[in-house]
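Chemist: can't give you the sequence, but here's the structure:
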């Protein structure tokens, strides 16, 4: 643990700074006489500072390999595992604390021979966003950070926008980076996303905003990272060994030998990151490789004139150079392709400008044009780009006990590029698109026509057939997305039947006409059949991945429409309808969706947009999502139907739970008669309201909301118990009357008098029970609505409880004012009945308001979940007025 200045420690009591170490290194650095390169790790949402171990441990092993000529000091910040992805009130505080930590870290190196002037930062999840937010601080010097690597960080927008502080923080950070892109060129940023296995942060959110820093920012998906080639979940991206190795190798390649710190050259930093995270040539990184290489050694020179060539090496004691003259091939072919199954880092392919007696003494090293794949390294050269080359040379060094194969072929690009139109979304997986690759080449590029939208998802089946049963190298299938680094690679045995999923993290940008490709690195004597079909299950998965966060809005919208329908039935029949029946009758998507679609359409016209902006109205969320290429056709309809289903089953759950609780109550406690209190506000209730308002103002608004919710729940359960008790009593009375009537021996006149009295009593009792049942139905719907408000405010309550030992008051509190209003509303509602509402002058207005509120909620709440409680609160406020007026 690093001791912080007293002022910093007092201002941020929940946060700490640590230095990672192990073994002798830890013992030597206890006195903090540091001489390495500082790297600061920032954990994410509910993340631990101990997650730095994976980076620190592997960096230490790498330093030991170079005898500590260079080494890194890994620091880590303890954010007390705060839920910053759900509560944005502490993000600014975390950012300021990190700034203080950077100043403390750099002070530790003061007076050293190679003292650093900047810090490299690795941020996981929300830690990466906090690192980017440093640049928005007024007194922060941008030169304090030279390198930023983020892991599964949602840069574009919050996963769940549950409070205004979170969305405002995102807006401020992204706006600053876009407006100051030129000033941030000296900061190199790498964002690594987890891919489809990361269910918490979809990879599209992890791509840095497109308008910012074209030449000093890089976004990749882990499935496309060389030597990793795998998707990671949200936590494993921190400790995935392949990714950690790539990161640490990049760190060591970034060191400047003169300063013994990370290089100040932005171009070199980007070259290193591209080398390790985008395209690895199976060579150790060199900043400026030699332009020409001398081909020395007593190797045999062999001329190859064939257009297709294979050579297998096993225990070869003599090295060889195979030389391919290009003059004879330039007329017939456009490209040359070579692959080598020896995955070492030595050079193996060269280009000669002239030859001497069929030998090449000086050549250009073309190995830097190679690309590493899981089972081979490949080079594809366009002959037109190398007009000065006369020959290509393949070097086969002597081997001892190792077997590998080198293949080369010349080909025309058109003969290896085939087009495969993808099936339509509404084919529902019933139709397929097929293509058979009959030639015997080593490489095919299958272009997937019209595959450019995020809602498209396909299954691609590749079946390989071979002429003979001899042992072959595995085939490599790569789905290449040209507009983003999100490739995925599959290795398959030959022959085999392989299934590949094809879907996108981000849609095709405007003005980009490139087409996704399926690259097949094949065996030469095999045929490949490619079958493509739409996968409905994966389309649904894409919908959930991109829009599941908006589901609460649709659920609340459905319940609100049902609530309005119940008020309407009170007007028309005097009775409150059942929740499930009213949901089926009232919650229809055509009531809300067309109006939103019309507004989104009209916003495409300048005149309408100008009117909209002049009214200071926020932009419709659907329009924003469309601009981000994150909108599906019919997505809102599907989400609305999902919301209807969730609302229905939540209603069933509430009814069943109430029945169970009331049964338990009736079993354990003898029910008492519920006292009818016609007064909505009493001194006792007023004291309760004031007490909860005080709790909300001085501690946490969500805490007060939860208290009033539990109080309301208890009241509804008690009402349910009394209704059941009254019904049971009525049944027993009726039963006893029937029995007494059958066995009575009294006079007819006396019997008639008793019957009339009992019928009047029974009629009064039935009307009372009916009123209580109607009130109960209305209370259950209100409680259902209020449950979603509690759920949306729950993160701030959890955050407050976790930090209670540091502060009694939650500051800032996103639901303080809303909580005070809700406490007042629910204290009145829980003591109200359907009788007060029936006779209200405002009932017609209250019954009509939920529909426009649902429309507005869907228009402005999908990307701003914190707005949902405001709409519900307004509707409940009208209900309270109905009880009074």
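Modeler: Thanks, I have the structure now. A quick note: this is a predicted structure, and the numbers were derived from the prediction, not measured. Numbers count the residues shown, from 1 in each chain.

Chemist: next one: the closest residue in space to residue 260 that isn't next to it in sequence from residue 258, what distance?
Modeler: Counting by C-beta to C-beta, 6 or more residues apart in numbering, residue 260 lies nearest to residue 114, which is 4.2 Å off, once chain neighbours are set aside. For the C-beta atoms, the positions are set from N, CA and C on the backbone; glycine is no exception. From residue 114 over to residue 258 the distance is 9 Å, taken as C-beta to C-beta, to the nearest Å.

Chemist: I'd like the next helix or strand past the worst-scoring helix or strand of the chain on mean pLDDT.
Modeler: Ranked by mean pLDDT, DSSP states H and E, the helix or strand of the chain with the weakest confidence is helix 748-802, at a mean of 76. Along the chain past helix 748-802, the next helix or strand (assigned with DSSP states H and E) turns out to be helix 816-829.

Chemist: list the buried ones in that following helix?
Modeler: Judged by neighbour count using 16 or more other C-beta atoms under 10 Å, the buried positions of helix 816-829 are 816, 818-829.

Chemist: I figured the residue nearest to residue 260 was touching residue 261, is that so?
Modeler: Yes: Residue 114 is within contact range of residue 261, at 6.4 Å (criterion: C-beta atoms under 8 Å).

Chemist: between these two, which one's more packed in?
Modeler: Looking at residue 114 and residue 261 with other C-beta atoms under 10 Å, you find the greater number of neighbours at residue 261, namely 21 against 14.

Chemist: got a list of contacts for stretch 98-109?
Modeler: Identification of contacts with stretch 98-109 by C-beta atoms under 8 Å, 6 or more residues apart in numbering yields 2, 4-5, 8, 12, 17, 32, 34-35, 38, 40, 42, 75, 77, 115-117, 119, 130-131, 134, 137, 139-140, 144-145.

Chemist: tell me the spacing between residue 470 and residue 492.
Modeler: 17 Å.

Chemist: before we move on, the earlier item: closest one of the buried residues of helix 816-829 to residue 454?
Modeler: Closest to residue 454 out of those is residue 818 (34.2 Å), distances taken as C-beta to C-beta.

Chemist: for residue 175, grab the count of nearby residues.
Modeler: Neighbour tally, residue 175, other C-beta under 10 Å: 12.

Chemist: may I see the buried residues of the helix or strand harbouring it?
Modeler: Residue 175 is part of helix 164-179 when elements are defined by DSSP H and E. Residues of helix 164-179 classed as buried: 165-167, 169-170, 173-174, 176-177 (neighbour count, 16+ other C-beta under 10 Å).

Chemist: got the buried residues of helix 816-829 as a markdown table, with pLDDT columns?
Modeler: A markdown table is the format used below for the buried residues of helix 816-829 (pLDDT from 0 to 100):
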| residue | pLDDT |
| --- | --- |
| 816 | 91 |
| 818 | 91 |
| 819 | 93 |
| 820 | 93 |
| 821 | 93 |
| 822 | 92 |
| 823 | 92 |
| 824 | 91 |
| 825 | 91 |
| 826 | 90 |
| 827 | 89 |
| 828 | 88 |
| 829 | 87 |
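
Chemist: if we can go back for a sec, which pLDDT value belongs to the residue nearest to residue 260?
Modeler: In this model, residue 114 is scored at 87, pLDDT.
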